[in-house]
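In: quick one, what's the 3D model for this:
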Amino acid sequence: VINTCSVTNISDRKSRQIIRKTKEKNENAIIIVTGCYAQVAKQEIKEMHEVDIILGNNEKKDIIDFVTEFIREKNKKVEVKETFEKRTKILKGIRKVLDDKKYLEVDTPILNVIAGGAAAKPFITHHNTLDMDLYLRIANELYLKRLIVGGFPKVYEMGRMFRNEGISIKHNPEFTNIELYSAYEDYHDMMDLTEEIISTVAKEVCGDTKISYQGVEIDLTPAWKRVTMIDIVKEVTGIDFNEIKNDEEAVKVAKDLHIEIEGDANWGTILNLVFEEKVEETLIQPTFIIDYPIEISPLTKKKPSDP
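Out: The predicted structure is shown next:
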């Protein structure tokens, strides 16, 4: 909606009041100042935050283009603002679910003497007073597990992680991460909790558990699909890694699929490569991929029925 108002002299107090009242009536109103005075008093007009577009006499013929472009840019700013607001609501929503379940939020060190808790290249800094190199944390896992051992049954932390690696749509060198741990529970309990957190927060922030992303409807309603990595690879590619008995056979499978192998490869790493190259892009709806190969899961508990 575009409100209009007419003024003869921007310096006139009454004219300024008209402009301000127009904005007060409708915050989406677009205030356009035109004419000779607009041409010679642009700086003065710019100091009025209520004025959106300034056009001199020779620019009047392009007013539609100016307004169209202005609306387009304004909508972009609104979208960015909404994204910031939603992010804050999401973080609050996550905290509420965990706090209600008696999880304790903690802060763990960002500067570490070792780069532990994940397989990633760290950022290195130097502590001048102690004269020692330190690493910006790549994960907070080890400290949180110490807290579990120390007698805190449920803990979580939301904070920044730093990994000195490449940049892609799936990775930024500095990112916000959440890790949570609970004693006497397993990965089935964690999947239940993940479903609850995401579906609850989606409903609070977006108003529904069904959302649209890039033109596709995503249904976040529990329960989500749960499938092992071996089964989903077989489902998509037809290859059953249960039938592949050694590393040499796995390497041949990767080559047949035209998957590039870097460095030393084994059965587990190739299974993961096939999943990443051939399966990931097919997963649209929320899906838990479980039972990763032990070769890429050094810090997890072995599955009792299939170690």
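In: so where is this protein shaky, pLDDT-wise?
Out: 1-68, 70-71 (pLDDT under 70).
In: where exactly do the helices run in it?
Out: Remark: helices assigned in the chain by DSSP state H are 13-25, 36-40, 42-46, 63-100, 141-149, 187-206, 229-237, 247-256, 267-274.
In: list the helices and strands the last one packs on?
Out: Right, the one you point to is helix 267-274. Helix 267-274 sits against helix 229-237, helix 247-256, with contacts defined as 3 or more C-beta pairs under 8 Å, 6 or more residues apart in numbering; DSSP states H and E. Backbone N, C-alpha and C define where each C-beta goes, glycine included.
In: hey, C-alpha coordinates of that helix in CSV?
Out: Extracted in CSV, the C-alpha atoms of helix 267-274 (Å, rounded to 0.1, in the frame of the first residue of the first chain):
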residue,chain,number,x,y,z
TRP,A,267,35.0,-50.4,3.3
GLY,A,268,33.6,-47.9,5.8
THR,A,269,34.9,-44.7,4.1
ILE,A,270,33.7,-45.8,0.7
LEU,A,271,30.2,-46.6,2.0
ASN,A,272,30.1,-43.1,3.3
LEU,A,273,31.4,-41.7,0.0
VAL,A,274,28.7,-43.6,-1.9
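In: which residues touch the closest residue to Ile218 other than its chain neighbours?
Out: Leaving out its chain neighbours, the residue that sits closest to Ile218 by C-beta to C-beta, 6 or more residues apart in numbering is Ile211, at 5.3 Å. With contact set as C-beta atoms under 8 Å, 6 or more residues apart in numbering, Ile211 has these partners: Ala202, Glu217, Ile218, Leu220.
In: tell me how far Ile211 lies from Gln285.
Out: Separation of Ile211 from Gln285 (C-beta to C-beta, to the nearest Å) stands at 12 Å.
In: quick one: common contacting residues for these two?
Out: Ile218.
In: quick one on the thing from earlier: dump the helices and strands packed on helix 267-274 to JSON lines, plus distance to Val97 and mean neighbour count.
Out: Listed next are the helices and strands packed on helix 267-274 as JSON lines, based on distance: least, C-beta to C-beta, whole Å; neighbours: other C-beta atoms under 10 Å:
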{"stretch": "helix 229-237", "distance to Val97": "28", "mean neighbour count": "18"}
{"stretch": "helix 247-256", "distance to Val97": "40", "mean neighbour count": "15"}
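In: export those to a markdown table and append columns for distance to Gly93.
Out: Converted to a markdown table, these look like this (distance: least, C-beta to C-beta, whole Å):
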| stretch | distance to Gly93 |
| --- | --- |
| helix 229-237 | 29 |
| helix 247-256 | 41 |
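In: among the ones you listed, which comes closest to Leu136?
Out: Among these, the nearest to Leu136 by C-beta to C-beta is helix 229-237 (30.6 Å).
In: now the angle between helix 247-256 and the closest one, please.
Out: Calculated by axes from the mean of the first three to the mean of the last three C-alpha atoms, to 10 degrees, helix 229-237 forms an angle of 30 degrees with helix 247-256.
In: check what contacts helix 229-237 and list those residues.
Out: Identification of contacts with helix 229-237 by C-beta under 8 Å, 6+ apart yields 227, 239-242, 257, 271-272, 274-275, 278-279, 282-283, 287, 289-293.
In: same question, stretch 238-248
Out: The contact list for stretch 238-248, computed with C-beta under 8 Å, 6+ apart, reads Ile230, Val233, Lys234, Ala250, Val253, Leu257, Ala265, Asn266, Trp267, Ile270, Leu271, Val274.
In: try it again at 10 Å.
Out: With contacts defined as C-beta atoms under 10 Å, 6 or more residues apart in numbering, stretch 238-248 is touched by 228-231, 233-234, 249-253, 256-257, 264-271, 274-275, 278, 293.
In: could I get it in CSV with only the CA atoms?
Out: Extracted in CSV, the C-alpha atoms of stretch 238-248 (Å, rounded to 0.1, in the frame of the first residue of the first chain):
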residue,chain,number,x,y,z
GLY,A,238,20.9,-51.2,-5.6
ILE,A,239,24.3,-51.9,-4.0
ASP,A,240,24.2,-54.0,-0.8
PHE,A,241,27.4,-53.3,1.2
ASN,A,242,26.5,-56.3,3.4
GLU,A,243,27.6,-58.4,0.4
ILE,A,244,30.9,-56.5,0.0
LYS,A,245,33.4,-58.3,2.1
ASN,A,246,36.7,-56.4,1.8
ASP,A,247,38.2,-53.0,0.9
GLU,A,248,39.2,-54.1,-2.6
